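In: fold the following for me, if possible:
(2 chains)
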2 protein chains.
Amino acid sequence: MKIKVNENYRLLEKNYLFSEVARRVARYREAHPEAKIIHLGIGDVTLPLPKVVTRAMAAAVEEMASRETFRGYAPEAGYDFLLKAIQRHYRRFGVELALGEIFTCDGAKSDVANLTELFGENLVCIPDPVYPVYLDSNLMLGREVAFLPATRENEYLPGPAELEDAVGHALEGVIIYLCSPNNPTGAVYDHAQLEEWVRFARATGSLIIFDSAYEAFVTGDFPHSIFEVEGAKACAIEVASLSKSAGFTGTRCSWTVVPEELEAGGMHLNEMWLRRQTTKFNGVPYVVQRGAEAALSPEGEAECAALVDYYRENAELMGSVFRDCGIAFTGGAQSPYLWVTCPRGMGSWEFFDWLLEDVNVVGTPGAGFGAYGEGHLRLTSFGSHEATAEACERLRRFL
Amino acid sequence: MKIKVNENYRLLEKNYLFSEVARRVARYREAHPEAKIIHLGIGDVTLPLPKVVTRAMAAAVEEMASRETFRGYAPEAGYDFLLKAIQRHYRRFGVELALGEIFTCDGAKSDVANLTELFGENLVCIPDPVYPVYLDSNLMLGREVAFLPATRENEYLPGPAELEDAVGHALEGVIIYLCSPNNPTGAVYDHAQLEEWVRFARATGSLIIFDSAYEAFVTGDFPHSIFEVEGAKACAIEVASLSKSAGFTGTRCSWTVVPEELEAGGMHLNEMWLRRQTTKFNGVPYVVQRGAEAALSPEGEAECAALVDYYRENAELMGSVFRDCGIAFTGGAQSPYLWVTCPRGMGSWEFFDWLLEDVNVVGTPGAGFGAYGEGHLRLTSFGSHEATAEACERLRRFL
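Out: Numbering: from 1, shown residues only, chains lettered A, B, ... in the order given. This is a model prediction of the structure:
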């Protein structure tokens, strides 16, 4: 054909990180069908949906089977019952949202990637290492990207100073991605650090896109939402998800908060996002919305907390292995991820291949999350106790 | 903020067509709470999901409740069981697809809008009138658009000749949207007409994006898929949906076929779409995929055919009213839509308001589908028999 394609796709790595991991695992499995491989790689949960969720979904399926209670198109941003449940969820952190500021969607991945469509050619500032979707979705649009190194020196929590260092001049109107608790490092911003980011964003007319997908793992006096910081509604959008807290990776429900006061170039981002979603999205399935509502009910939040505690125990066990073996790592405490420094100076993919082939444990190579991820490997605590314990025993033996 | 926004959003009508319709209806309802309004506007179904679908979904919810059968992230393009069901569906029309050519998604709206991301700055050719998402999603990217007038003269089925007339010079490498059965006109391309489009696309190096969302309404010797035409795999992408055939408007499942041989500028569109979907989408909910598989089973297809027949009876009843009143219309036979010429020279919104206020029937103003839709109104057959009969009686009285 003689049509012009989106040339920016040539800038992308051929394979999405997790597809490449899957490819290598499949190849190994084919050659070694007897190997008992344990997956601590992709951040996928293993415990079933909370009972209150499946009860609600089963009831909703019943409704869809009957003419009197059948539901067709949902409001694109979500049914009020779900928006209100999310509104109540935020009140637990002292954050008050208008229903019109909440947009439900099929996943934080979709939301965080689709948000790029609202913007023109701004400098985009992305932590390194971080979830690859921030970078890839901006590369697809040909955006200029600056990286904020997350290193042992800054405890994997880059601040505005790192941004100014990276760019080397006074900044104005940039787009900043933050992820806390961080994927992959497990690092969490505290109140003072987020306040510093909000001050910086407001002073420079910048926008923060805050990914709180791992918020459920936060304990103690750390922020769950960027909107806990005063003034954040003038400079931040937040993306959240039920994937990790309620086991929704295969059920799909997320939400994005776009404050009504966000404005640039005379345009209201809330109205732009509504226009984007009504044009390009048709709502979350009714059955899923009822499941999400249940997950956010008091009973649901208790069941979700138990899921999170289960995974936290895995993280503690894995942490104890690396401590005992003298291998440096971060995360695991307020995050389902352990960010491990590869032993013996190995590179990320080298350590990945060694773990796969010799230990039959699958991690995720840190280099896949950015250049500063090289020399690290991400392990997740989303396995079963049994598989995680087995992996830990093997690790102890081999490390 | 000082960030730059996507300036193309200024080109959009402030309100998505159906949101504006909803706004006017809500305003009228507030002023006249006693009015018994009948909705023949938005293309939303009213019959419940087929029993075989809800049985499959209920069983899938059960699976999600148990650790042994729980499912996390799905393959982004869909589980093999669903891809194979779609593959079998196409064999009914004599079309053979590879599993890797099929990508399931949450809706034809999302797919048709997101496909724009794969392309550079091509001339985009859009029928007028047509489903507004084709235009809006291209305006959001700042694309140049040419309209193909669908008028009574060409029986609402513009061909390559109309395209050459509209653009006025030899064409090369354009993107052409076709929707058959058409939304809103109800017109259906026959084999010879689609063959002409495919010949034209191949001769000019152009790409056809074929929207077959209403394929289930096709009867007789008309194509259900553009891939029934020889050579179409070298120049066409097809978007299909279970929304109208299986009542999935609130359940959400669609698919897009991107043939492996589609190539432009040395890039394979199938690989680009896979990269897009793995980066920006996380799969259709497992429970929905099981429902979709059931809808495409032999038992499911029989139940879906009964749903379509029910709506077809509505369309016949509505058609008889307009015929008796001497009001011109098209569609209704192979489509859930009737495309009515507004009586007494009324404009689209004028007829809409009159119908709403005097007859308490909601249609969709033709002008909302494009300039050539002015003077028309779209009515849908997706209501209940009872409501449609009541609306028809009122229409007979008032027209």
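In: please make it C-alpha for all contacts and neighbour counts, starting now.
Out: Noted.
In: shaky segments in chain A?
Out: The model of chain A has pLDDT under 70 over residues A:14-15.
In: per the record, what domains does it have?
Out: A:14-43+A:300-398, A:52-296 (automatic domain parsing).
In: closest to residue B:114 out of those?
Out: Judged by CA to CA, the one of the domains of chain A that comes nearest to residue B:114 is domain A:52-296, at 7.3 Å.
In: that older thread, save the domains of chain A as TSV, and put in mean neighbour count too.
Out: What follows is the domains of chain A, written out as TSV (neighbours: other CA atoms under 10 Å in any protein chain shown):
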stretch	mean neighbour count
domain A:14-43+A:300-398	19
domain A:52-296	21
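In: so which of those domains is nearest chain B?
Out: domain A:52-296 (4.1 Å; CA to the nearest CA).
In: before we move on, the earlier item: okay, the domains of chain A in TSV with distance to residue B:78 next?
Out: Below are these laid out as TSV (distance: least, CA to CA, whole Å):
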stretch	distance to residue B:78
domain A:14-43+A:300-398	14
domain A:52-296	11
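In: tell me how far the spatially most central residue of chain A lies from residue B:164.
Out: Among the residues of chain A, the one closest to the centroid is residue A:213, at 4.3 Å (CA atoms, centre = their mean). According to CA to CA, to the nearest Å, residue A:213 stands 50 Å off from residue B:164.
In: same thing with residue A:223?
Out: Distance of residue A:223 to residue B:164, computed by CA to CA: 59 Å.
In: ditto for residue A:158
Out: Residue A:158 is 56 Å from residue B:164, by CA to CA.
In: how about the secondary structure of the residue nearest to the centre of chain A?
Out: Counting by DSSP: H, G, I helix; E, B strand; the rest coil, the backbone at residue A:213 sits in coil.
In: so who does it touch?
Out: Applying CA atoms under 8 Å, 6 or more residues apart in numbering or on different chains, one finds that residue A:213 lies in contact with A:108, A:179, A:181, A:239-244.
In: ok, residue A:17 next?
Out: By CA under 8 Å, 6+ apart, the contact list for residue A:17 reads A:132, A:368.
In: how about the one 10 residues further on?
Out: Residue A:27 makes no contacts at all, as judged by CA under 8 Å, 6+ apart.
In: so after the helix or strand harbouring it, what's the next helix or strand?
Out: Applying DSSP states H and E as the criterion places residue A:27 in helix A:17-31. Going down the chain from helix A:17-31, the next helix or strand is strand A:38-39, by DSSP H and E.
In: dump the helix holding residue A:27 to PDB, restricted to CA.
Out: The C-alpha atoms that make up helix A:17-31 are tabulated as PDB, following Å, rounded to 0.1, in the frame of the first residue of the first chain:
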ATOM      1  CA  LEU A  17       9.000  -6.200  27.400                       C
ATOM      2  CA  PHE A  18       6.600  -8.800  28.800                       C
ATOM      3  CA  SER A  19       6.100 -10.300  25.400                       C
ATOM      4  CA  GLU A  20       9.900 -10.800  25.100                       C
ATOM      5  CA  VAL A  21      10.000 -12.400  28.500                       C
ATOM      6  CA  ALA A  22       7.100 -14.700  27.500                       C
ATOM      7  CA  ARG A  23       8.900 -15.600  24.300                       C
ATOM      8  CA  ARG A  24      12.100 -16.700  26.200                       C
ATOM      9  CA  VAL A  25      10.200 -18.700  28.700                       C
ATOM     10  CA  ALA A  26       8.200 -20.500  26.000                       C
ATOM     11  CA  ARG A  27      11.400 -21.300  24.200                       C
ATOM     12  CA  TYR A  28      13.000 -22.700  27.300                       C
ATOM     13  CA  ARG A  29       9.900 -24.700  28.200                       C
ATOM     14  CA  GLU A  30       9.800 -26.200  24.800                       C
ATOM     15  CA  ALA A  31      13.400 -27.400  25.200                       C
END
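In: which parts of the stretch 51-200 of chain A sit against chain B?
Out: Residues of the stretch 51-200 of chain A found near chain B (CA under 8 Å from any CA of the partner chain) are A:51, A:54, A:57-58, A:61-62, A:64-67, A:70-74, A:107, A:109-110, A:113-114, A:117-122, A:133, A:136-137, A:172-175.
In: swap in 6 Å and give it another go.
Out: Taking CA under 6 Å from any CA of the partner chain, the part of the stretch 51-200 of chain A that reaches chain B is made up of A:58, A:64-67, A:70-74, A:109-110, A:113, A:118-120, A:173.
In: picking up where we left off before, nearest to residue B:395, out of the domains of chain A?
Out: Short answer: domain A:52-296, nearest of the domains of chain A by CA to CA, at 25.4 Å.
In: follow-up on the earlier one: to residue B:10, which of the domains of chain A lies closest?
Out: Between the domains of chain A, domain A:52-296 lies closest to residue B:10; by CA to CA that is 8.6 Å.
In: ends of that closest one, what's the gap?
Out: For domain A:52-296, the first-to-last residue distance is 10 Å (CA to CA).
In: same check, this time on stretch A:136-149
Out: Distance across stretch A:136-149, first residue to last, is 17 Å (CA to CA).
In: try stretch A:137-154
Out: Start-to-end, stretch A:137-154 (CA to CA) is 26 Å.
In: contacts for it, please.
Out: Contacts of stretch A:137-154 from elsewhere in the structure, counted by CA atoms under 6 Å, 6 or more residues apart in numbering or on different chains, are A:8-9, A:113, A:123-128, A:156-158, A:162-163.
In: SS state for the closest residue in space to residue A:236 that isn't next to it in sequence?
Out: The shortest distance from residue A:236 to any non-neighbouring residue, by CA to CA, 6 or more residues apart in numbering or on different chains, is to residue A:208 (4.6 Å). Assigned with three-state DSSP, residue A:208 falls in the strand class.
In: cool, and residue A:178?
Out: strand.
In: lovely, talk soon.
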